[in-house]
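Engineer: coordinates only, sequence not included:
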């Protein structure tokens with residue numbers, strides 16, 4: 001090993017380098033270089049490779065074969081010792097970490113178990129409220145709880161477990177109160193809103209072009225002459241049957257759904273109109289438990305979508321003390337061209353015209369019967385006609401074929417009909 005020391009010192013001096021300069025290049029101390037040159041220690045394989053670069057020489061100039069075997073063996077022993085030591089440290093760390101996790105879960109479980117033993121709950125309705133005090137009427141009993149909210153140190157949550165402020169509470173709200181042992185404000189830990197009282201439920205929508213401001217659905221002549229009237233109405237008695245009890249008069253229902261959290265009913269309804277035949281204002285009315293409240297005027301010349309929202313309360317509870325739900329009704333109006341008269345030209349198998357008929361009334365048109373010799377017909381549908389304006393559309397129908405068409409009532413609201421060639 002003395003050979004290594006001599007070679008390092010000799011080559012360093014030949015290169016004109018000091019011990020400190022070599023140490024700086026190797027990122028070691030000057031004392032380390034001194035120990036190498038005085039045979040007190042020796043460089044490892046990695047340091048020898050760096051020395052060859054610094055001295056611009058080969059490793060054979062610094063060390064002989066016998067010394068190389070000794071250095072390699074020493075490095076191997078160091079590596080083996082480091083691996084064993086590292087393994088021990090890793091295993092000890094894993095063991096200590098496992099003990100810590102078990103301890104945390106044990107404390108949390110025991111704490112929750114102790115809490116659950118004492119936690120009690122009651123459902124109540126807010127009967128009065130001001131800036132400081134709230135009165136709760138406990139369900140299924142005559143007990144009334146009066147509490148000073150300045151002494152309440154718990155949390156208040158809405159139906160979706162989102163934290164809210166006291167200012168969000170109101171009379172008629174149904175809440176669940178959690179408390180420890182005694183139902184006093186100092187022991188209350190949590191108040192959660194379960195439901196709210198709906199003062200004026202929104203049951204549906206009316207589109208009215210008759211010029212008469214009907215105050216309720218019962219006043220409307222829906223069974224006698226529904227011209228100029230469209231409505232959609234929900235039954236507020238049964239949540240589970242609301243879709244089956246959905247009442248509508250020629251509104252096209254394009255969507256009827258309840259959102260994922262059962263917090264809102266969404267209705268998309270569409271009505272077709274012929275603005276050229278509308279003679280009165282088109283009014284939107286909200287159907288509530290107090291009747292019809294007209295809230296909007298619509299220009300039916302343009303296709304529009306209006307959104308109306310509110311709350312509806314069902315008389316039957318449908319989930320965890322919940323009776324009420326938000327409701328949104330989207331009303332789309334679509335302006336179309338409608339037929340005002342019809343001409344039917346009937347042909348036999350030789351393509352000879354055998355009969356032509358004109359209808360101004362769609363009822364008579366729908367009941368038309370073809371001549372026994374007719375094989376097909378040419379149907380001419382005439383649109384809105386004035387002295388200086390009017391157009392028509394023709395279509396060929398074989399016997400047994402059908403065609404859809406629009407026809408406006410006397411107030412410009414459109415009905416979709418089907419004509420069967422027979």
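Structural biologist: Sure thing, it's come through. All values derive from a computational prediction rather than experimental measurement.

Engineer: from here on, contacts and neighbour counts on C-alpha atoms
Structural biologist: Fine.

Engineer: who touches stretch 202-214?
Structural biologist: 220, 227-236, 278-289, 292, 309-312, 327, 329, 411-413 (CA atoms under 8 Å, 6 or more residues apart in numbering).

Engineer: Which ones among those map onto strands?
Structural biologist: Using DSSP state E, the subset of those located in strands is 229-233, 282-288, 292, 309-312, 327, 329.

Engineer: Just the buried residues of the residues you listed.
Structural biologist: Listed as buried from the ones in strands among the contacts of stretch 202-214 are 229-233, 282-288, 292, 309-312, 327, 329; burial here means 16 or more other CA atoms under 10 Å.

Engineer: Confirm residue 186 sits in a helix?
Structural biologist: Yes: Residue 186 forms part of a helix when assessed by DSSP: H, G, I helix; E, B strand; the rest coil.

Engineer: so it touches residue 152, yeah?
Structural biologist: Yes: with contacts counted by CA atoms under 8 Å, residue 186 reaches residue 152, the gap being 6.2 Å.

Engineer: Would you quantify the distance from residue 153 to residue 27?
Structural biologist: Here the distance between residue 153 and residue 27 works out to 62 Å (CA to CA, to the nearest Å).

Engineer: what's the answer for residue 339, then?
Structural biologist: 97 Å.

Engineer: ok, those two, which is more surrounded?
Structural biologist: residue 339 (21 against 9; other CA atoms under 10 Å).

Engineer: and that one, what is it in contact with?
Structural biologist: 381, 382, 383, 384, 405, 406, 407, 408.

Engineer: So which of these is the closest to residue 199?
Structural biologist: Using CA to CA, residue 408 is the member of these that lies nearest residue 199, at 38.0 Å.

Engineer: got a pLDDT number for that closest one?
Structural biologist: With respect to pLDDT, residue 408 scores 88.

Engineer: my read: it touches residue 338, true?
Structural biologist: Yes: between residue 408 and residue 338 a contact is recorded at 6.1 Å, counting by CA under 8 Å.

Engineer: shared neighbours of those two, anything?
Structural biologist: 274, 414.

Engineer: pLDDT score for residue 278?
Structural biologist: At residue 278, pLDDT is 92.

Engineer: what number of residues lie near it?
Structural biologist: Neighbours around residue 278, by other CA under 10 Å: 21.

Engineer: residues contacting the residue nearest to it when sequence neighbours are not counted?
Structural biologist: With CA to CA, 6 or more residues apart in numbering as the criterion, residue 278 has its nearest non-adjacent residue at 4.3 Å, and that residue is residue 412. When contacts are counted by CA under 8 Å, 6+ apart, residue 412 touches 209, 228, 273, 274, 275, 276, 277, 278, 279.

Engineer: what's the answer for residue 287, then?
Structural biologist: Counted by CA under 8 Å, 6+ apart, residue 287 has contacts 202, 203, 204, 205, 206, 216, 233, 293.

Engineer: Narrow those residues to just the buried residues.
Structural biologist: Buried, going by 16+ other CA under 10 Å: 202, 203, 204, 205, 206, 216, 233, 293, out of these.

Engineer: how about the helices in the stretch 251-400 of the chain?
Structural biologist: 362-366 (DSSP state H, counting those that start in this stretch).

Engineer: beta partners of the closest residue to residue 145 other than its chain neighbours?
Structural biologist: If the residues on either side of it in the chain are set aside, residue 145 comes closest to residue 136, at 5.0 Å by CA to CA, 6+ apart. Beta bridges link residue 136 to residue 126, residue 145, judged by DSSP bridges.

Engineer: before we move on, what about residue 286?
Structural biologist: Residues in beta-bridge contact with residue 286 (DSSP bridges): residue 205, residue 293.

Engineer: about what we covered before: tell me the one of the buried ones among the contacts of residue 287 nearest residue 353?
Structural biologist: Nearest to residue 353 among the buried ones among the contacts of residue 287, with distances taken as CA to CA, is residue 206, at 47.1 Å.

Engineer: ok, so what distance separates the closest one from residue 411?
Structural biologist: Distance from residue 206 to residue 411, by CA to CA: 15 Å.

Engineer: what's the closest of the contacts of residue 339 to residue 196?
Structural biologist: The nearest member of those to residue 196, counting by CA to CA, is residue 408 at 43.2 Å.

Engineer: Find the nearest non-adjacent residue to the closest one, please.
Structural biologist: Nearest one to residue 408, counting by CA to CA, 6+ apart, is residue 414 at 4.1 Å.

Engineer: so what's that neighbour up against?
Structural biologist: With CA under 8 Å, 6+ apart, residue 414 has these contacts: 271, 272, 273, 274, 338, 406, 407, 408.

Engineer: I'd assumed residue 336 was in contact with the first one.
Structural biologist: No: in this structure, residue 271 sits apart from residue 336 without contact. The criterion is CA under 8 Å, and the distance is 10.3 Å.

Engineer: give me phi/psi at residue 31?
Structural biologist: Main-chain dihedrals, residue 31, degrees, to the nearest 10: phi -60, psi -30.

Engineer: I'd like to know how many residues surround it.
Structural biologist: By other CA under 10 Å, 12 other residues sit near residue 31.

Engineer: Contacts for stretch 22-39, please.
Structural biologist: Outside stretch 22-39, the residues that reach it (CA under 8 Å, 6+ apart) are 1-2, 4-6, 8-9, 19-20, 41-43, 47, 50-51, 54.
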